[in-house]
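Student: fold the following and give me the result.
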Amino acid sequence: MQALYFDGKALKYDANYPDPKPEAGEVLIRPTRLGVCSTDIELCKGYMGYNGVLGHEFVGIVEEVADKKNEHWIGKRVVGTINCVCGKCDMCKAGLKEHCRDRTVLGILNRDGCFADKFCLPAMNLLEVPGNVDDDHAVFTEPLAAAYQILQQLTIEGRPFVTVLGDGRLGLLCAQVLSQLNATVRCIGKHPEKLALCEKWGVKHRLLSDVGLRMDQDIVVDCTGSQDGMRVAMGMVRPRGTIVMKTTVATPKKEDMLDHLDLSPLVINEIKVIGSRCGPFPIALEALSAEKVDVVSLISRRMKLSDGESAIAVAKTGAIKVLLEP
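Tutor: The predicted model follows:
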């Protein structure tokens with residue numbers, strides 16, 4: 001089968017990658033649509049020390065199951081959560097399975113991802129896609145769930161001022177989701193053509209170069225994908241405000257590192273910092289089904305899996321969302 005993988009040194013396409021076989025509790029999925037994520041780009045820079053097939057954003061059809069009890073999934077169109085967990089450790093028993101001590105993560109940690117003709121995932125991770133949600137929408141379930149995770153973690157009081165830093169894939173999704181709150185939301189970025197999408201959603205937007213760091217925002221969400229995001233966020237958030245960190249980046253080489261980041265403002269201004277990662281798939285699917293969020297406008301390019309190396313390169317150049325088809 002064909003697959004796009006990272007061997008620890010370089011991104012490669014292989015037309016004869018070994019076929020996967022579902023183990024106990026798993027199913028075999030044939031993806032019909034795939035999404036390139038900033039995490040895929042960072043993995044190719046050494047993030048997480050990952051080797052294997054890339055990809056964790058997908059919608060596909062279940063073609064095979066390892067256990068008879070899961071036969072009802074065969075032929076179903078599904079999306080799936082990416083953390084594959086043991087269900088036995090202290091984190092799992094405490095209801096924090098996304099932080100399972102022994103987890104593997106689709107296309108990110110010790111598990112081949114979905115950028116292939118077929119891949120495996122535990123049946124417990126699957127959600128059936130509603131009939132009125134087509135593949136172009138369903139493939140956004142994972143990143144949209146990550147955006148909705150912010151709402152699970154924050155307590156919104158009054159009418160706060162919220163800034164989303166970053167006008168890329170995740171930043172534009174977060175701006176739409178947060179605009180559903182009783183809050184004043186703006187998206188700050190560096191690309192006028194991307195920020196222009198905010199016009200159709202009624203979301204305020206500004207270029208970073210036009211914004212002063214006045215420490216007046218109640219909540220700042222860092223979706224920059226940049227080592228510098230935290231510094232800018234600290235310059236925008238008010239004393240006793242909240243910074244939500246969505247950025248994950250590969251550790252830079254020593255010669256490329258930014259000047260030392262001074263974290264003392266977090267202490268002096270008593271800032272709350274919240275890390276935010278994976279989110280609720282059911283809520284994301286409901287939002288897609290109810291057309292609460294515009295995802296199709298984010299699609300920049302459609303490419304074939306066989307052009308996967310070029311697709312990653314296109315995503316690096318600033319395309320909002322690159323979709324792959326087998």
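Student: quick check: phi and psi on Leu43?
Tutor: Dihedral angles of Leu43 (phi, psi; degrees, to the nearest 10) stand at phi -60, psi -40.
Student: what's the closest non-adjacent residue to it?
Tutor: Take Leu43 and drop its neighbours on the chain: the residue closest to it by CB to CB, 6 or more residues apart in numbering is Tyr50, 4.9 Å away. C-beta: built from backbone N, CA, C; applies to glycine.
Student: contacts only, for that neighbour.
Tutor: Neighbour list for Tyr50: 6, 43, 107-109 [criterion: CB atoms under 8 Å, 6 or more residues apart in numbering].
Student: spatially central residue for this protein, please.
Tutor: Pro143 (3.8 Å; CA atoms, centre = their mean).
Student: quick one: contacts for that residue?
Tutor: Going by CB under 8 Å, 6+ apart, Pro143 touches 35, 37, 57, 169-170, 173.
Student: quick one: which of those residues is nearest Glu26?
Tutor: Lowest distance from Glu26 to the contacts of Pro143 (CB to CB) belongs to Glu57, with 19.0 Å.
Student: who are the neighbours in contact with that closest one?
Tutor: By CB under 8 Å, 6+ apart, Glu57 lies in contact with 34-37, 114, 139-143.
Student: what's the pLDDT at it?
Tutor: With respect to pLDDT, Glu57 scores 98.
Student: and for the one 3 residues further on?
Tutor: In this model, Gly60 is scored at 98, pLDDT.
Student: likewise the one 10 residues further on?
Tutor: Asn70 is assigned a pLDDT of 98 by the prediction.
Student: again with the one 4 residues further on
Tutor: At Ile74 the predicted local confidence, pLDDT, stands at 98.
Student: residues in contact with the residue of the chain most remote from its centre?
Tutor: In the chain, the greatest distance from the average C-alpha position (CA atoms, centre = their mean) is reached by Lys68, at 32.3 Å. For Lys68, the contact set (CB under 8 Å, 6+ apart) is empty.
Student: what about the helices in this structure?
Tutor: Using DSSP state H, the helices found in the chain span residues 38-43, 90-93, 135-138, 141-153, 169-178, 192-195, 197-201, 229-236, 264-268, 281-289, 308-316.
Student: any idea which of those gets closest to Lys76?
Tutor: Closest among those, once you apply CB to CB, is helix 135-138, at 12.2 Å.
Student: which residues sit against that closest one?
Tutor: Residues outside helix 135-138 that contact it (CB under 8 Å, 6+ apart): 32-33, 59, 77, 79, 129, 285, 288, 295-296, 299, 323.
Student: which among these count as buried?
Tutor: The neighbour count (16 or more other CB atoms under 10 Å) marks 33, 59, 77, 79, 129, 285, 288, 295, 299, 323 as buried among the contacts of helix 135-138.
Student: for the second one, give me its contacts.
Tutor: Val59 is in contact with 31-33, 77-79, 129, 135, 138-139, 141, counting by CB under 8 Å, 6+ apart.
Student: now it. Nearest residue, chain neighbours left out?
Tutor: Excluding the flanking residues, the one nearest Val59 by CB to CB, 6+ apart is Ala138, at 3.9 Å.
Student: any chance of the contacts of Tyr50 in a markdown table, with pLDDT and neighbour count too?
Tutor: Converted to a markdown table, the contacts of Tyr50 look like this (pLDDT from 0 to 100; neighbours: other CB atoms under 10 Å):
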| residue | pLDDT | neighbour count |
| --- | --- | --- |
| Phe6 | 98 | 22 |
| Leu43 | 97 | 27 |
| Gly107 | 98 | 28 |
| Ile108 | 98 | 23 |
| Leu109 | 98 | 16 |
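Student: make a markdown table out of the residues you listed and add distance to Ala24.
Tutor: A markdown table is the format used below for those (distance: CB to CB, whole Å):
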| residue | distance to Ala24 |
| --- | --- |
| Phe6 | 27 |
| Leu43 | 27 |
| Gly107 | 21 |
| Ile108 | 22 |
| Leu109 | 20 |
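Student: widest-spaced pair of those residues?
Tutor: Comparing every pair within those by CB to CB identifies Phe6 and Leu109 as the most remote, at 12.7 Å.
Student: shaky segments in the stretch 201-326 of the chain?
Tutor: 252-259 (pLDDT under 70).
Student: can you give me the strands in it?
Tutor: All strands of the stretch 201-326 of the chain, identified by DSSP state E, counting those that start in this stretch, fall at 204-207, 217-222, 237-245, 272-275, 299-304, 321-325.
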